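take a look and give me a structure for this.
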Amino acid sequence: MEAKESTGSVAPAERHAGWNELFFDLVVVAGAGQLARLLHDGPQPADLALYAVVYLAFWTTWAGFAVYGDIAASETRVRTLLIAMFGMAVMAASVHTVQSSHATAFVIAYVALRWQAGQVWRRGSIVVDWPLAQFGAGAVPWLVSLFVDTPLRYWLWALGIALDIVTLLVSTRERTLRRAGERAARRRDGRPPPGPAHGPVAEPPRLGESRIDAAHMGERLGLYVIIVLGEGVIQIIDAASERDGWDRPLAATGLGAFGLLAAVCTLSLLYGTNGIPHLRKGALAPRLAMLLHAVMTGFLVALATALGSAVAHVDDVLPKGQHWLLCGAMAGYFAAGLVAALPLADRSDQIWLLGWALPCVAVSVALAPLGVGLPAWATIWILVALVCWQIAYDPGAPGAGPSGRRWRRIRRSVPRVA
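The predicted model follows:
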């Protein structure tokens, strides 16, 4: 992400997440736990689709106010964050019955928070790094869904999420500023002319850019990853606490599950940026980095659910649906790391990346159908080995070619932001 420019001769002090922001992030703890419940039974393809839509709605809401706190800094209004926190708590509480009685509550809370996230900015302030602050069209299908029944309601939800994703993909800085300027011009042209009949007309506000603070926002995104991994720890502990006998299979499964979470944390936070493994600083535009973060953390919440199920089934093989969820979540996580590392890599570097990341994606995908009969602990330890391979694999080791050594220097020269 691109940091704000400083005009002074002395570098500004590095910002860290404030107490109000950390308190606001507590709602993510509750939200992750509730979202994981959508995947406990099965899950079937319809469950996965609903989870993806609901999770992205929850994450988008959090991101809108995280960006607000990042840019507003010391001017952040605590009341705004508390209102947003309450609204997200309503969304989290509604998740378990979002297919029935509480769908209306979830939608109203989501639409209201999306509207509020767009109203917190001063007139004329254009958040070029988070286009959804200006373009709220993705919330319209959700509002319309209040007046239709299932399954059309779910298709409208998916349409709203798709509009947000497209907005993040195509809204470059130049396009965002141009569209904002065009809207301001239309509003100015639509005003009545000044005169005795109408009175004086205020000049429209001048447009100004608002940019994300790279280091601070990176810390917030990294903390979000830690919270999601914490949900995995909770799932493991809950499953283990329900067993009367603690035996070797439970020890092997529990230790492997904890090791997998620790390895993912290491790869994401120590070998990446914004909690995304091997993402190089400045490689992606902020809006794209945040979208990739949303996708990756969605896989991590699914991983937490699967690990809890694995500990609960240590005496036999993991149910087929949960086994596929475990392998698919890790394949998605590895794929996110591959996507993050590719943009600024030249041809020789891409060859190294494919040797580093592609085998992990391929083995995870192959393990889904081929490892159905394996005990849960064996599947988990294979996945632990894959993450450790990504951590340990270094083409700059003695005897490596010049391409590997060059990439190694790049990795060491790039500051790492959690």
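
can you give me the strands for this structure?
125-127, 208-210, 272-273, 276-277 (DSSP state E).

okay, now the unreliable bits of the stretch 101-250 of the chain?
122-124, 177, 180-208 (pLDDT under 70).

which parts of it are helices?
With helices called from DSSP state H, counting those that start in this stretch, the stretch 101-250 of the chain shows them at 103-119, 140-144, 152-170, 173-189, 214-241, 248-269.

of those, which is nearest Val339?
Closest of the helices of the stretch 101-250 of the chain to Val339 is helix 152-170, at 12.8 Å (criterion: CB to CB). All C-beta atoms are positioned from the backbone trio N, CA, C, and that covers glycine.

pull the residues that contact that closest one.
Contacts with helix 152-170, where a contact means CB atoms under 8 Å, 6 or more residues apart in numbering, come from 49-50, 52-54, 56-57, 60, 103, 131-132, 135, 137-142, 144-145, 148, 287-288, 290-291.

buried ones in stretch 319-339?
319, 321-339 (16 or more other CB atoms under 10 Å).

whoops, stretch 217-237 was the one
217-225, 227-233, 235-236.

just to revisit the earlier point, out of the helices of the stretch 101-250 of the chain, which is closest to Gly275?
Nearest of the helices of the stretch 101-250 of the chain (CB to CB): helix 214-241, 3.5 Å.

starting at the chain centroid, how far to that closest one?
Helix 214-241 has its C-alpha centroid displaced from the chain centroid by 12 Å (CA atoms, centre = their mean, to the nearest Å).

reformat the helices of the stretch 101-250 of the chain as CSV; add distance to Val387.
Below are the helices of the stretch 101-250 of the chain laid out as CSV (distance: least, CB to CB, whole Å):
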stretch, distance to Val387
helix 103-119, 34
helix 140-144, 36
helix 152-170, 27
helix 173-189, 35
helix 214-241, 12
helix 248-269, 4
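
quick one: closest of these to Trp356.
When the helices of the stretch 101-250 of the chain are compared (using CB to CB), the closest one is helix 248-269, at 11.2 Å.

mind giving me the packing neighbours of that closest one?
With contacts taken as 3 or more CB pairs under 8 Å, 6 or more residues apart in numbering; DSSP states H and E, helix 248-269 sits against helix 214-241, strand 276-277, helix 286-312, helix 376-392.

list the residues that contact the most centrally placed residue in the chain.
The residue lying closest to the centre of the chain (CA atoms, centre = their mean) is Ala294, at 2.1 Å. Residues near Ala294 by CB under 8 Å, 6+ apart: Leu56, Trp59, Thr60, Ala63.

do the same with Ala63
Contacts of Ala63 (CB under 8 Å, 6+ apart): Trp130, Leu132, Met290, Ala294.

kindly reformat those as a markdown table containing distance to Ala392.
Listed next are the contacts of Ala63 as a markdown table, based on distance: CB to CB, whole Å:
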| residue | distance to Ala392 |
| --- | --- |
| Trp130 | 36 |
| Leu132 | 38 |
| Met290 | 29 |
| Ala294 | 28 |
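
quick check, nearest of the residues you listed to Leu370?
Among the contacts of Ala63, and counting by CB to CB, the member closest to Leu370 is Ala294, at 30.0 Å.

that closest one and Phe23, how far apart?
Using CB to CB, to the nearest Å, we find Ala294 at a distance of 22 Å from Phe23.

now do the contacts for the nearest residue to Gly230 once chain neighbours are set aside.
Of all residues not flanking Gly230 in the chain, Val29 sits nearest, at 7.0 Å (CB to CB, 6 or more residues apart in numbering). By CB under 8 Å, 6+ apart, Val29 lies in contact with Ile227, Gly230, Glu231.

how near is Val29 to Met85?
12 Å.

hmm, back to that, of the contacts of helix 152-170, just the buried ones, PyMOL syntax please.
Entered in PyMOL, the line below selects the buried ones among those, by 16+ other CB under 10 Å:
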select buried, resi 50+52+53+54+56+57+60+103+131+132+135+138+139+141+142+145+287+288+290+291
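
which one among the contacts of Ala63 gets closest to Cys265?
Taking the contacts of Ala63 together and measuring to Cys265 by CB to CB, the closest member is Ala294, at 18.3 Å.

how close does the closest one sit to Leu82?
If you go by CB to CB, the gap between Ala294 and Leu82 works out to 24 Å.

can you check Ser145 too?
Ser145 is 27 Å from Leu82, by CB to CB.

cool, and Thr379?
Taken as CB to CB, the span from Thr379 to Leu82 is 43 Å.

check the closest residue to Leu250 other than its chain neighbours and give its pLDDT.
Leaving aside its sequence neighbours, Leu250 sits nearest to Val314 (CB to CB, 6+ apart; 4.8 Å). Val314 is assigned a predicted lDDT (pLDDT) of 82.

I'd say Val314 and Thr379 touch.
No. Taking contacts as CB atoms under 8 Å, Val314 lies outside contact range of Thr379: 11.7 Å.

what's the neighbour count on Gly355?
12 (other CB atoms under 10 Å).

any figure for the gap between it and Tyr333?
18 Å.

same question, Val28
In terms of CB to CB, Val28 sits 18 Å off from Tyr333.

Pro369 now?
19 Å.

so what's Ala36 up against?
With CB under 8 Å, 6+ apart, Ala36 has these contacts: Glu231, Gln235, Val301, Ala302, Ala304, Thr305, Gly308.

can you check what pLDDT the model gives it?
90.

how deep is the closest residue to it other than its chain neighbours tucked in, by neighbour count?
Using CB to CB, 6+ apart and skipping residues adjacent in sequence, the residue nearest Ala36 is Thr305, 4.4 Å away. Other residues lying near Thr305 total 26 when counted by other CB under 10 Å.
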